[in-house]
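K.L.:
Coordinates only, no sequence provided:
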């Protein structure tokens, strides 16, 4: 009897163990195919207490609302890039803190997709517009989502002088407050364009941001969606290498070539100096020869003059004597 009961207990245990293993394996397989998410179904705009939705703001601020619709803030949730990365991370709830408005960490719900008006201005005030929407447009507000960018800014000279995000960026259109980056920078940095470095790069068609906001090309996925943006505004060696890579990598060859050129230049100078010295000697020799020829000519002229003059004088003297003799003979006959 006891043997039969023990056998029955073993069979029940084996069946339980088998069912348990099968269920565990099935659950693991389903989890790998359809990852579980901690976020419950999102609430619609207006169902989160205090949030009215961007359409409510558009009833009075249509121009600003239409401008905002074309920005990355408006598309922060629907962007294909975000959706792809978010799915790859198993639709992590933590991402919604920056890609939705009115996100609740406890329930995982949110009021509206994207970064809407209320994400920055705060929940809609029931007595608005009599009471203004509270907002302090500074780096502390932007750092809520743009932490890596504001961390870079905090170590910059811009931060030291109190230049905030909205001084350069239009918060509604998210575009620079100028037609080009260079025009934006020269609003304050008017004297920089006259220097050699800035002048030559500007002539090549570069903007200030090409060097002062240079970042290495993205090769890895961003950490929690955050990437370097160059808001320290400092120019490091990587900015130079980004354009002058061939020059940097061929540095030894350039030094060697420079040495060869230097040696060639030295040899040319010595050759020229030797040629100048030889020419000077030639000129001096010609001058000496000219002087000798001058004196020789004078001497030869003097000798010829003496001989010619002497001969002429002798001939004349002989003729004078003949005339005198003729005259004397004529007087003697008389």
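P.N.:
Structure's in. What do you need? This one's a predicted model, so the numbers in the text were calculated from it and none came from an experiment. Numbering: from 1, shown residues only.
K.L.:
Where does pLDDT dip in the stretch 151-300 of the chain?
P.N.:
The stretch 151-300 of the chain contains residues with pLDDT under 70 at 192-197, 219-225, 247-268.
K.L.:
Break down it into its helices, ranges please.
P.N.:
Applying DSSP state H, counting those that start in this stretch to the stretch 151-300 of the chain gives helices spanning 157-160, 165-168, 181-185, 196-203, 208-212, 237-243, 245-249, 251-333.
K.L.:
got the buried residues for the third one?
P.N.:
Okay, so that is helix 181-185. Across helix 181-185, burial judged by 16 or more other C-beta atoms under 10 Å covers 181, 182, 184, 185. Every C-beta, even on glycine, is put in place using the N, C-alpha and C of the backbone.
K.L.:
Now the third one: closest residue in space that isn't a chain neighbour?
P.N.:
Nearest residue to residue 184, sequence neighbours excluded (C-beta to C-beta, 6 or more residues apart in numbering): residue 178, at 3.7 Å.
K.L.:
Relative to residue 110, how far out is that neighbour?
P.N.:
34 Å (C-beta to C-beta, to the nearest Å).
K.L.:
The two: who's more crowded?
P.N.:
Per other C-beta atoms under 10 Å, whichever of residue 178 and residue 110 has more neighbours is residue 110, with 25 against 14.
K.L.:
Please look at the more buried one and residue 100 and confirm they touch.
P.N.:
Yes - proximity of residue 110 to residue 100 meets the contact threshold set by C-beta atoms under 8 Å, at 3.7 Å.
K.L.:
neighbours around residue 300, how many?
P.N.:
Residue 300 has 10 neighbours, counted by other C-beta under 10 Å.
K.L.:
Look up how far residue 308 lies from it.
P.N.:
With distances taken as C-beta to C-beta, residue 300 is found 12 Å from residue 308.
K.L.:
one step back: distance to residue 88 added to the buried residues of helix 181-185, as CSV?
P.N.:
Formatted as CSV, those follow (distance: C-beta to C-beta, whole Å):
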residue, distance to residue 88
181, 32
182, 37
184, 35
185, 37
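K.L.:
which one of those residues sits closest to residue 60?
P.N.:
residue 184 (29.8 Å; C-beta to C-beta).
K.L.:
I'd like to check which residues are in contact with the closest one.
P.N.:
Residue 184 sits next to 168, 176, 177, 178 when contact means C-beta atoms under 8 Å, 6 or more residues apart in numbering.
K.L.:
related to what we said a few turns ago, so what's in contact with residue 300 and residue 308 at the same time?
P.N.:
Residues touching both residue 300 and residue 308 by C-beta under 8 Å, 6+ apart: none at all.
K.L.:
List the contacts of the nearest residue to residue 185 once chain neighbours are set aside.
P.N.:
Excluding its sequence neighbours, the residue lying closest to residue 185 (C-beta to C-beta, 6+ apart) is residue 208, at 4.3 Å. By C-beta under 8 Å, 6+ apart, the residues touching residue 208 are 181, 182, 185, 189.
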